[in-house]
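Asker: everything below, folded, please.
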Amino acid sequence: QIQLVESGGGLVQPGGSLRLSCVASERILRANAMAWYRQTPGPENERELAAVIISGRDTIYADAVKGRFTISEDSAKNTVFLQMASLRPEDTAIYYCAAGFWSGGDWYDGVEYWGKGTLVTVSS
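Answerer: Predicted coordinates:
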């Protein structure tokens, strides 16, 4: 069973930076993309795509994080990172790592693997 384990969350002040990491327990042969989703705490809030990296090079960002967040990958270590800068209170969320096969602008068959999430709180 492949596992994704996130780390790096915590409390940061507005305007600060944080780097999240996600390590896969093994190389995911069926996946060509890894992504970060986020979900604001609350029963009706949906998980939203923040950033995705495809084949280790092509990146897509949500408008809300474009220019502030950077997704990158170290395929040799089965790790994906999310460098977050200029953080805002509205970035407060649980950040989830995801993996799957990306094609034609979306997941081909949905996200195949999810991590359990790491909480990022942006507050003074």
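
Asker: for residue 42, list the residues it contacts.
Answerer: Residue 42 makes contact with no residue, according to CB atoms under 8 Å, 6 or more residues apart in numbering. Just so you know, the C-beta spots here come from the backbone N, C-alpha and C atoms, and that holds for glycine as well.

Asker: which stretch of helix or strand covers it?
Answerer: Using DSSP states H and E, residue 42 sits in no helix or strand.

Asker: ok, the one 10 residues further on next?
Answerer: Using DSSP H and E, residue 52 falls within strand 48-54.

Asker: show me what the spatially closest residue to residue 9 that is not a sequence neighbour is bridged to.
Answerer: Using CB to CB, 6 or more residues apart in numbering and skipping the chain neighbours, the partner closest in space to residue 9 is residue 118 (3.4 Å). Note on residue 118: beta-bridge partners by DSSP bridges are residue 95.

Asker: quick one: contacts for the most centrally placed residue in the chain?
Answerer: Nearest residue to the geometric centre of the chain (CA atoms, centre = their mean): residue 36, 1.6 Å. The contact partners of residue 36, by CB under 8 Å, 6+ apart, come to 20, 22, 49-52, 69, 71, 80, 82, 95-98.
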